[in-house]
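Engineer: Pasting a predicted model and its sequence here:
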Amino acid sequence: MTTGLDRRAPACVLVIFGASGDLTARKLLPALERLTAYGALPPEVALVGVARTAMTDGEFGDLCRRSVTSDGNRRWDELASAARYVAGDYDDPATYQRLSEVLADCDRLHGTAGNRVHYLATPPRLFGPIAVSLGKAGLGTPDGDGFVRVVVEKPFGWDEESARALYADLSTAFVEDQVFRIDHYLAKETVQNLLALRFANSVFEPIWNRTWVDNVQITVAETLGVGERGGFYETTGAMRDIVQNHVLQVLSLFLMEPPTSFHPEAIRDEKVKLLRAIRPLDEEAEIAANAVRGQYTRGGTREDLMPGYRDEAGVDPLSSTETFVGLRLDISNWRWAGVPVYVRTGKRLPARVTEVAMEFRRPPQLPLFPGTDADLEPDALVVRVQPDEGLSLRFGAKVPGHAFRVQKASMDFSYQSFEEQSPDAYERVILDALIGDPTLFIRADEVGRSWRIVDPVLRYWAQDPRPIPLYQAATWGPPEAAELIARDGRRWRHRG
Ligand SMILES: NC(=O)C1=CN([C@@H]2O[C@H](COP(=O)(O)OP(=O)(O)OC[C@H]3O[C@@H](n4cnc5c(N)ncnc54)[C@H](OP(=O)(O)O)[C@@H]3O)[C@@H](O)[C@H]2O)C=CC1
Ligand SMILES: O=C1O[C@H](COP(=O)(O)O)[C@@H](O)[C@H](O)[C@H]1O
């Protein structure tokens, strides 16, 4: 992982496919503006957009400026004014011929030295065909000492088989080292801080195992519903949208073995080893007992009544797509054997919170305060990814007074205590891709292994004749979610 403060992109052209789209306007262009604001994109970096919508170079430049509020950022104006645009179908060889010519112009005018980063920000089913077309046009192969990379947005396929087909398409044009698969969660500051927490301190390592840890809980809770993205979500659901990628990535960083170095491959090797150690739920009875799905219905308060999932635009009124997933996963290795990992994610939950919590075993007995142990929450280390990024260590402390009463207290660290601002996740991933640092990107074997974990559950749900369990918007999921963990004598950290 490159750590220096002097992170600057090398000479190159960033080519965005899907340049007329939502992701480009809402995330990529604002991230590029911020990168120019702090000098990370020198004049030898050029921007090219590709999409079907007819636009001139000037109109694309206007779109760049319109998508961003920038105050006197000269380098951004320069980048947007010099931006080029190629209009055309993604499967038409003429599009790639024009792109080749535009790239040659960039090399001549901006000194971009034949280096290219192709960013695929189109609907996912176009990723494979675009990669194949880039290969056929000779745009996947670097010239001499230069580089060509491809950045792929999630999802990486819909199941293990389609992920393999996408890999095959990418491989017609690129070798694995050239492929940067994005998971924007890995670029969140607190997720990266997991590495610092675990490996820049010696105090945590001795307790990071089954001897001390009782259970791990990962929560990715959103208050929003699917909004405008109903059509997309209908084909995705919470398991593919969040668990297969964000949750399993965070989980593997949190629970992996210490890497032998901070070399990207050493970290990714440990992540994939951990993913391999997660026992897939293969048997039907195992899935029924350890996986819960749910879908939100109308709910909230009278003042803030939220629509049900089936009322959202683009959603089938009889849809059985899951907007909530609860799972118990088990890890078959020496460090974590017998420590359940509870995972929960959903839309329209009561709070926006993403966190990883490690609950510690209770003391063997509580002789000083008999009768309280059932009520006392277990000690826990909580990594808050959002909002209010930080860490908390929760423990029991005596309440002042004559009686010996114990209450939970916590030691907190908040990222707000640093003066430096965290870069937005997309700033981080774009700059890493331009620099060529793959640490925060997902390797092909991690993708395959993650599908291996979620596929059996998705197949089981697809043929399950029972109606999907429902939960009211602004509640913590269906009752089955509470039962999943209560069966083991435990409770979710956040509950209604
Ligand atoms: N939007 C977001 O917040 C996030 C998006 N992503 C991922 O980023 C990628 C892009 O997402 P987003 O920008 O929302 O997608 P859009 O639906 O906005 O599509 C991007 C562009 O692709 C082209 N396109 C759309 N539909 C088709 C089609 N049927 N055939 C050919 N071209 C089409 C359009 O350009 P034109 O018609 O001009 O060719 C469109 O502007 C997706 O893979 C998504 O999963 C990931 C995280 C968040
Ligand atoms: O990838 C996705 O993530 C967002 C949540 O991202 P966050 O950074 O706001 O936590 C989620 O809303 C979306 O459905 C999913 O595609």
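Structural biologist: Right, received. Where do you want to start? Residues are numbered from 1 along each chain as shown. Ligands and ions are numbered 1, 2, ... in the order given.

Engineer: rest of the way, CA atoms for contacts and neighbours
Structural biologist: Noted.

Engineer: could you list every residue that touches residue 281?
Structural biologist: Residue 281 makes contact with 287, 290, 453, 456, 457, according to Cα atoms under 8 Å, 6 or more residues apart in numbering.

Engineer: Got the phi and psi for residue 456?
Structural biologist: When read as degrees, to the nearest 10, the backbone of residue 456 gives phi -60, psi -40.

Engineer: Against ligand 1, how distant is it?
Structural biologist: Plainly put, residue 456 is 22 Å away from ligand 1 if you go by Cα to the nearest ligand atom, to the nearest Å.

Engineer: Which of the helices or strands spans the closest residue to that residue other than its chain neighbours?
Structural biologist: Leaving aside its sequence neighbours, residue 456 sits nearest to residue 282 (Cα to Cα, 6 or more residues apart in numbering; 6.0 Å). Assigned by DSSP states H and E, residue 282 falls within no helix or strand.

Engineer: Ok, residue 86 next?
Structural biologist: Using DSSP H and E, residue 86 maps to strand 84-87.

Engineer: Sheet-wise, list the partners of that strand with their directions.
Structural biologist: Using DSSP bridges, the strands paired with strand 84-87 in its sheet are strand 45-51 (parallel).

Engineer: for the partner strand, what is the average pLDDT?
Structural biologist: The predicted model gives strand 45-51 an average pLDDT of 98.

Engineer: Counting by contacts, list what the next helix or strand after that strand packs against.
Structural biologist: Downstream of strand 45-51, the first helix or strand assigned by DSSP H and E is helix 57-66. Helices and strands touching helix 57-66, by 3 or more Cα pairs under 8 Å, 6 or more residues apart in numbering; DSSP states H and E, are helix 74-81, strand 84-87.

Engineer: quick one, what contacts residue 127?
Structural biologist: Residue 127 touches 120, 152, 166, counting by Cα under 8 Å, 6+ apart.

Engineer: Return the subset of those residues lying in strands.
Structural biologist: Judged by DSSP state E, the contacts of residue 127 include 120, 152 as members of strands.

Engineer: Output the contacts of residue 127 in TSV; the columns should cover distance to residue 341.
Structural biologist: What follows is those, written out as TSV (distance: Cα to Cα, whole Å):
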residue	distance to residue 341
120	33
152	29
166	30
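
Engineer: Among the contacts of residue 127, name the ones that also lie close to ligand 1.
Structural biologist: Among these, no residue sits close to ligand 1 (Cα under 6 Å from any ligand atom).

Engineer: which one among the contacts of residue 127 gets closest to residue 216?
Structural biologist: In terms of Cα to Cα, no member of the contacts of residue 127 lies closer to residue 216 than residue 152, at 30.4 Å.

Engineer: neighbours around the nearest residue to that closest one once chain neighbours are set aside, how many?
Structural biologist: Counting by Cα to Cα, 6+ apart, residue 181 is the residue found nearest to residue 152 once chain neighbours are left out, at 4.8 Å. Residue 181 sits with 23 neighbouring residues when counted by other Cα atoms under 10 Å.

Engineer: repeat for residue 115
Structural biologist: For residue 115, using other Cα under 10 Å, the count is 23.

Engineer: I'd guessed it sits against residue 13; true?
Structural biologist: Yes - assessed by Cα atoms under 8 Å, residue 115 is found in contact with residue 13 at 6.3 Å.

Engineer: Nearest to residue 315, out of the helices and strands packed on helix 57-66?
Structural biologist: Among these, the nearest to residue 315 by Cα to Cα is strand 84-87 (31.1 Å).

Engineer: ok, then the element right after the closest one?
Structural biologist: Per DSSP H and E, strand 84-87 leads on to helix 93-110 as the next helix or strand towards the C-terminus.

Engineer: Residue of this protein closest to ligand 1, please.
Structural biologist: Proximity of the chain to ligand 1 (Cα to the nearest ligand atom) peaks at residue 21, 3.0 Å away.

Engineer: show me the contacts for that residue.
Structural biologist: Each residue near residue 21 by Cα under 8 Å, 6+ apart is listed here: 121, 122.

Engineer: Check what pLDDT residue 199 gets.
Structural biologist: So residue 199 comes in at 90 (pLDDT).

Engineer: Return the residues of the stretch 151-300 of the chain in contact with ligand 1.
Structural biologist: Counting by Cα under 6 Å from any ligand atom, the stretch 151-300 of the chain comes close to ligand 1 at 153, 154, 155.

Engineer: Check the contact between the first one and residue 123; I expect there is one.
Structural biologist: No - here residue 153 lies out of contact with residue 123, judged by Cα under 8 Å, at a distance of 9.1 Å.

Engineer: Which one of these two is surrounded by more residues?
Structural biologist: Using other Cα under 10 Å, the more surrounded residue of residue 153 and residue 123 is residue 153, with 19 against 14.

Engineer: what's the spacing between the more buried one and residue 116?
Structural biologist: From residue 153 over to residue 116 the distance is 17 Å, taken as Cα to Cα, to the nearest Å.

Engineer: can you check residue 340 too?
Structural biologist: In this view, residue 340 and residue 116 are 44 Å apart by Cα to Cα.

Engineer: Which of the two has more residues huddled nearby?
Structural biologist: More neighbours surround residue 116 than the other of residue 340 and residue 116, with 26 against 20 (other Cα under 10 Å).

Engineer: Against which helices or strands is the helix or strand encompassing residue 431 packed?
Structural biologist: If you go by DSSP H and E, residue 431 is part of helix 425-435. Contact here means 3+ Cα pairs under 8 Å, 6+ apart; on that basis helix 425-435 packs against helix 29-37.

Engineer: what about the residue in the chain sticking out farthest from the centre, which SS state?
Structural biologist: Most distant residue from the mean C-alpha position of the chain: residue 402, 49.2 Å away (Cα atoms, centre = their mean). Classification of residue 402 using DSSP: H, G, I helix; E, B strand; the rest coil returns coil.

Engineer: And it, its phi and psi?
Structural biologist: Backbone torsions for residue 402, taken as degrees, to the nearest 10, come to phi -70, psi -30.

Engineer: contacting residues for the residue nearest to residue 152?
Structural biologist: So, once contact is read as Cα under 8 Å, 6+ apart, residue 181 ends up touching 151, 152, 153, 154, 156, 441, 442, 443.

Engineer: what do you get for residue 322?
Structural biologist: Taking Cα under 8 Å, 6+ apart as the criterion, residue 322 is in contact with 237, 238, 239, 293, 294, 295, 468.

Engineer: let's see 7 Å
Structural biologist: Neighbouring residues of residue 322 by Cα atoms under 7 Å, 6 or more residues apart in numbering: 237, 238, 293, 294, 295.

Engineer: could these go into a markdown table alongside neighbour count?
Structural biologist: Formatted as a markdown table, those follow (neighbours: other Cα atoms under 10 Å):
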| residue | neighbour count |
| --- | --- |
| 237 | 23 |
| 238 | 23 |
| 293 | 28 |
| 294 | 26 |
| 295 | 27 |
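
Engineer: Could you list which of those belong to strands?
Structural biologist: 293, 294, 295.

Engineer: nearest to residue 67, of the residues you listed?
Structural biologist: residue 295 (33.7 Å).

Engineer: Any idea what that closest one is bridged to?
Structural biologist: Under the criterion used (DSSP bridges), residue 295 bridges to residue 470.
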